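Undergrad: just coords:
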Ligand code: FAD
Ligand code: NAI
């Protein structure tokens, strides 16, 4: 007889594995289907995020930033270093070690929470008397299980461009770009989005001459315009060549590398020849051979599984979360949806405020925001006030040689409720958490302005920006 579970989760990325853990904490019997294989051919939990996304990219960002600091900025502190070299094989091995530690950690969490890992490809098959039938096809064995509730958390995969075959050696998506075994002398990047900027920065710091080609006429369109402008300026100063408004017509690959033919923003024909190319033009939801049609489910015109605010599909007891549904493709968004769905199944009444999901781009300096941008508030016709404060006027930032960037707080003109916070600066990924808490609690900018912040610390910049909403910053 088929094994029966209260909940079967398909996919063990940050959405799926967190949903499985929360459902198990709430007393349900849980299985999670996962088929990911690492480069050694071993099955691994953790999905895109742990294997080829957030975690390995941040490891490479940290290594390359250390290299750049030691090579170029140590002298500012009076430290002399010479002959600074980077061993790319060691850098990659360090990253791989972190990935293994993290993915094995999830195996431990599964054991701790008595979650059954069903190893293989999961497919929705039919409804039956006890719920839904799911077939799991593994390398050695296949089985059918029954689920009272299903959580689809199958994530996303890199979007590729027609006529630009990805071999993950010369032309790479995120997977190959995390694994270049040598530093490409010249590196091309298609797409100045999050991956393009983060991985473009990694390889630039270790010695590549990086050119980023972006189709949109503006750069970082989702960010507040002032932040995007500042980021463009700082990244260009670091040596990242970003060309916006391009139209790539042809990409050819031969033994010498890759040639890109494109028109620039003025409509002039251009050619870029590079040793390697990263294609980072967005990601698409993953529903390959999932059997959605067997249950009468369909995807929308962009390939996402339609869900409501609580991630319910149109079928009873079938939910979908994370990158495979609407909303930002972010690990913490997937995780929060996983927790929410497990709690909905348990009869609780959880809720996610999607306006309070922060974004972080891990360039140097980091970029982070939550809530509305100035351009969104203008488009909505909402009256707001803005307070801004530069890291340049903060003693801790100067001491840390991190004076680039600023914090901007946007608050409702009448009620002073915080509507958005935008940061470009060192540790923006951590600083933004204060703004998220404030917005979740519907705080006013005055609240942040009145709260004692440690001195000297980067967090004082947040307070000063909040005070700036009423034009009463103290240190400027
Ligand atoms: P995924 O992590 O994609 O996991 C889905 C899992 O489902 C996979 O393991 C897959 O093998 C499995 N699966 C799919 N179909 C089946 C099936 N039929 N049967 C069995 N298993 C199946 N986000 C951030 O918030 N911060 C970052 O810093 C960040 N950095 C990133 C860097 C890179 C290079 C990339 C590519 C992404 C990054 N992201 C980041 C995005 C983040 O990785 C995703 O938003 C997140 O992984 C989505 O989680 P998920 O659980 O929905 O899906
Ligand atoms: P993206 O959506 O961030 O950026 C893609 C860029 O490519 C856009 O600017 C787009 O205009 C451009 N583009 C599309 N087609 C093009 C073409 N033909 N020619 C030139 N430019 C073109 O996608 P990206 O960078 O691939 O990342 C995918 C997702 O992964 C992100 O949206 C994000 O959700 C997630 N991610 C998150 C990170 C984080 O939170 N720090 C880090 C990396 C990825």
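TA: Sure thing, it's come through. This structure is a prediction, so every number in the text was calculated from the model and none was measured. Ligands and ions are numbered 1, 2, ... in the order given.
Undergrad: Which parts of the stretch 351-476 of the chain are strands?
TA: Secondary structure of the stretch 351-476 of the chain (DSSP state E, counting those that start in this stretch): strands at 359-361, 366-371, 384-390, 406-412, 418-425.
Undergrad: which one of the ones you listed lies closest to ligand 1?
TA: Closest to ligand 1 of those, according to CB to the nearest ligand atom: strand 359-361, at 6.5 Å. Just so you know, the C-beta spots here come from the backbone N, C-alpha and C atoms, and that holds for glycine as well.
Undergrad: The closest one pairs with which strands, parallel or anti?
TA: Partners of strand 359-361 in the sheet, by DSSP bridges, are strand 366-371 (antiparallel).
Undergrad: picking up where we left off before, is it possible to export the strands of the stretch 351-476 of the chain to CSV including mean pLDDT?
TA: Below are these laid out as CSV (pLDDT from 0 to 100):
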stretch, mean pLDDT
strand 359-361, 98
strand 366-371, 98
strand 384-390, 98
strand 406-412, 98
strand 418-425, 98
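Undergrad: residues contacting the residue nearest in space to the middle of the chain?
TA: The chain has residue 330 as the residue nearest its centroid, 4.5 Å off, counting by CA atoms, centre = their mean. Taking CB atoms under 8 Å, 6 or more residues apart in numbering, we find residue 330 in contact with 357, 359.
Undergrad: Show the pLDDT at it.
TA: As predicted, residue 330 sits at a pLDDT of 98.
Undergrad: and it, how far is that from ligand 2?
TA: Separation of residue 330 from ligand 2 (CB to the nearest ligand atom, to the nearest Å): 5 Å.
Undergrad: For residue 385, give the beta-bridge partners.
TA: Taking DSSP bridges as the rule, residue 385 bridges to residue 411.
Undergrad: got the phi/psi numbers for the residue in the chain that ligand 2 sits nearest to?
TA: Residue nearest to ligand 2 within the chain (CB to the nearest ligand atom): residue 193, separated by 1.7 Å. Backbone torsions of residue 193, given as degrees, to the nearest 10, read phi -90, psi -160.
Undergrad: what's the closest non-adjacent residue to it?
TA: Nearest residue to residue 193, sequence neighbours excluded (CB to CB, 6 or more residues apart in numbering): residue 280, at 6.0 Å.
Undergrad: Check residue 317 too.
TA: Take residue 317 and drop its neighbours on the chain: the residue closest to it by CB to CB, 6+ apart is residue 149, 4.5 Å away.
Undergrad: mind checking the SS state of that neighbour?
TA: strand (DSSP: H, G, I helix; E, B strand; the rest coil).
Undergrad: my guess is it contacts residue 6, does it?
TA: Yes. Residue 149 lies in contact with residue 6 (CB atoms under 8 Å); the separation is 6.4 Å.
Undergrad: Is the residue nearest to residue 371 when sequence neighbours are not counted bridged to anything, and to what?
TA: Spatial nearest neighbour of residue 371, excluding adjacent residues (CB to CB, 6+ apart): residue 420 at 3.5 Å. Residues in a beta bridge with residue 420, per DSSP bridges, are residue 371, residue 410.
Undergrad: would residue 253 count as being in a strand?
TA: Yes. Counting by three-state DSSP, residue 253 falls inside a strand.
Undergrad: Bridging across strands, which residues link to it?
TA: Beta-bridge pairing for residue 253 (DSSP bridges): residue 258.
Undergrad: residues in contact with it?
TA: By CB under 8 Å, 6+ apart, the contact list for residue 253 reads 165, 170, 171, 259, 277.
Undergrad: Could you count how many residues lie near the third one?
TA: Think residue 171. Here the number of neighbours of residue 171 (other CB atoms under 10 Å) works out to 24.
Undergrad: Please tell me how far the closest residue to it other than its chain neighbours sits from residue 249.
TA: With CB to CB, 6+ apart as the criterion, residue 171 has its nearest non-adjacent residue at 4.8 Å, and that residue is residue 277. Counting by CB to CB, to the nearest Å, the separation of residue 277 from residue 249 is 15 Å.
Undergrad: ok, for residue 36, nearest residue in space, not its chain neighbours?
TA: Using CB to CB, 6+ apart and skipping the chain neighbours, the partner closest in space to residue 36 is residue 44 (5.0 Å).
Undergrad: ok, that neighbour - contacts?
TA: By CB under 8 Å, 6+ apart, the contact list for residue 44 reads 34, 36, 37, 38, 50, 51, 103.
Undergrad: Regarding whatever residue of the stretch 51-200 of the chain ends up closest to ligand 1, what are the backbone dihedral angles?
TA: Per CB to the nearest ligand atom, the residue of the stretch 51-200 of the chain with the smallest distance to ligand 1 is residue 155, at 2.0 Å. Backbone torsions for residue 155, taken as degrees, to the nearest 10, come to phi 70, psi -150.
Undergrad: Show the pLDDT at it.
TA: With respect to pLDDT, residue 155 scores 98.
Undergrad: would you list every one of the helices in the protein?
TA: Assigned helices in the chain, in chain order: 14-25, 47-52, 54-68, 88-112, 174-177, 194-205, 225-238, 331-345, 374-380, 395-399, 428-440, 445-450, 459-468 (criterion: DSSP state H).
Undergrad: if I look at the nearest residue to residue 213 once chain neighbours are set aside, how far off is residue 291?
TA: Distance criterion CB to CB, 6+ apart; nearest residue to residue 213, sequence neighbours excluded, is residue 246 at 4.7 Å. Computed as CB to CB, the residue 246 to residue 291 distance reads 40 Å.
Undergrad: tell me the contacts of the residue in the stretch 201-350 of the chain positioned nearest to ligand 1?
TA: Residue nearest to ligand 1 within the stretch 201-350 of the chain: residue 322 (2.2 Å; CB to the nearest ligand atom). Contact analysis of residue 322 by CB under 8 Å, 6+ apart lists 11, 13, 14, 15, 16, 153, 155, 333, 334, 337, 338.
Undergrad: Can you get me a residue count around residue 216?
TA: Neighbourhood size, residue 216 [other CB under 10 Å]: 13.
Undergrad: Ok, residue 320 next?
TA: By the measure other CB under 10 Å, the count of residues near residue 320 is 29.
Undergrad: Repeat that for residue 142.
TA: 11.
Undergrad: right, and it touches residue 123 too?
TA: No. Judged on CB under 8 Å, residue 142 makes no contact with residue 123 at a distance of 10.0 Å.
Undergrad: Please identify every residue contacting each of these two.
TA: Common neighbours of residue 142 and residue 123, using CB under 8 Å, 6+ apart, are 135, 136.
Undergrad: Tell me if stretch 359-371 is near ligand 2.
TA: Yes. With CB under 6 Å from any ligand atom as the criterion, ligand 2 is reached by stretch 359-371 at 360, 361, 362.
Undergrad: Any chance of a markdown table for the residues you listed, columns distance to residue 313 and neighbour count?
TA: Below are those laid out as a markdown table (distance: CB to CB, whole Å; neighbours: other CB atoms under 10 Å):
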| residue | distance to residue 313 | neighbour count |
| --- | --- | --- |
| 360 | 29 | 19 |
| 361 | 31 | 23 |
| 362 | 33 | 21 |
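Undergrad: for those, which one is nearest residue 399?
TA: Nearest to residue 399 among the residues of stretch 359-371 next to ligand 2, counting by CB to CB, is residue 362 at 22.1 Å.
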